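Asks: Give the three-dimensional model of this entry:
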Amino acid sequence: MFVFIGIAVLAVLALVVVATTFRRRDTETAIGQLSGETVKRDRSAAAQRAAVPAMSVDAAATGQAGEQLSGSAIEAAARAERSGELVPAEDRPPVVYVPPDPETLGVSRRQFLNRGIVAMFSLALAAFGAAVLAQLWPRPTEGFGAKINAGKVPDIKDAIVAGGGFFYFPEGRMWLTDYPPSALAKAQSTYSFWPQVSEGLEAGVVALFQTCPHLGCRVPECQTSQWFECPCHGSQYNQVGEKKGGPAPRGMDRFPMEVNASNELLVDTGNVIQGPPIGTNTTGQEAEGPNCLGAGGGH
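Replies: The predicted structure follows:
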């Protein structure tokens, strides 16, 4: 009895193993199974393809049939085109050829050079015209750009002493400092601009433009070193504006000076004189104390 039951169980197990083996072979050769929903969509897509008229792929893609077509409609049009059964959607006249504007295609080398030369000549003429107008334009009669009366020479010297060796005159944007009488002979032989400043130097005063000749920063005084020291890039000048260190290309610029019959110093702020070249040292003044920006300055 038990023998027959065992044989039956083994037979059932054998059938299960055989069925499983065949099932595995079928699934190994397949990449997947389609669901019922997918099969239903494919049937509806096939019916829609049968209802789409033949047209070009471009027309189907751009919806020239009058409505927005689905992807399946575009695929149907592509198959019709490949099969040679394409029927044009509509006849259109050829587009009239319009040659492109040469300007939109770029500028030739000759055009670029010609335009560059014309532009440079135009800028040069504009600069020349501006310079002519500046010469013809009337100079200011007061304030910066005009000839300024800085006051009597003794009063200026008193103001320099009161300022610790420096007197700033804001109306003329200038510094007024002492010039030692012992250095006059060397200044006369060294300064190329001596005739324009001789009267002021002989009176013991020099008028210096406030801006640094390096990049135009306003140069303050340093009470400890008794020099001018630019905070922007570290250029340094002695008390009469001669360069001592830093990146400046020359000494501080200055103004022409004259002394009238009333012993008043007249400074022409409309005429800036370039400062003395590097290495000029008519007074021999070295730093009289610690530098405000560090010894030798820096860039």
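
Asks: what's the model's confidence in stretch 226-240, averaged?
Replies: Over the span of stretch 226-240, the pLDDT mean works out to 94.

Asks: Flag every buried residue along that stretch.
Replies: For stretch 226-240, the neighbour count (16 or more other C-beta atoms under 10 Å) marks 226-230, 233-240 as buried. Every residue, glycine included, has its C-beta placed from N, CA and C.

Asks: and if you look at stretch 201-221?
Replies: So for stretch 201-221, counting by 16+ other C-beta under 10 Å, buried means 201, 203-214, 219, 221.

Asks: Name the SS class of the closest residue to Ala187 other than its chain neighbours, please.
Replies: The shortest distance from Ala187 to any non-neighbouring residue, by C-beta to C-beta, 6 or more residues apart in numbering, is to Thr282 (4.6 Å). Using DSSP: H, G, I helix; E, B strand; the rest coil, the secondary structure recorded for Thr282 is coil.

Asks: Hmm, Thr282 is touching Ser189, no?
Replies: No - proximity of Thr282 to Ser189 does not meet the contact threshold set by C-beta atoms under 8 Å, at 9.0 Å.

Asks: Specify which residue of the two has the higher count of neighbours.
Replies: Under the neighbour definition other C-beta atoms under 10 Å, Thr282 and Ser189 were set side by side, and Thr282 has more, 22 against 9.

Asks: Could you pull up the residues touching the more buried one?
Replies: When contacts are counted by C-beta atoms under 8 Å, 6 or more residues apart in numbering, Thr282 touches 183, 186-187, 190-191, 240, 242, 276.

Asks: what residue ranges in this structure are flagged as low confidence?
Replies: Low-confidence regions of the chain, defined here as pLDDT under 70, cover residues 1-71, 73, 80-92, 102-107, 137-142, 294-299.

Asks: switch the cut-off to 50
Replies: Under the criterion pLDDT under 50, the flagged ranges of the chain are 3, 28-30, 52, 54-57, 60-66, 295-299.

Asks: Would you mind splitting this structure into its domains for me?
Replies: 35-92, 147-268 (automatic domain parsing).

Asks: Go ahead and report the secondary structure state at Gln196.
Replies: Reducing the assignment to helix, strand or coil with three-state DSSP, the entry for Gln196 is helix.

Asks: Just give the nearest non-adjacent residue to Thr224, would you?
Replies: Distances taken as C-beta to C-beta, 6+ apart put Gly289 closest to Thr224, at 3.9 Å, once the chain neighbours are dropped.

Asks: Isn't Gln210 up against Arg173?
Replies: Yes - under the criterion of C-beta under 8 Å, Gln210 lies in contact with Arg173, with a separation of 4.9 Å.

Asks: about what we covered before: of the contacts of Thr282, which belong to helices?
Replies: In helices, judged by DSSP state H, the following of the contacts of Thr282 are found: 186-187, 190.

Asks: Just the buried residues of the residues you listed.
Replies: Ala187.

Asks: Just name the closest of the ones in helices among the contacts of Thr282 to Lys152, please.
Replies: When the ones in helices among the contacts of Thr282 are compared for distance to Lys152, the smallest value, 22.7 Å, is given by Ala187; criterion: C-beta to C-beta.
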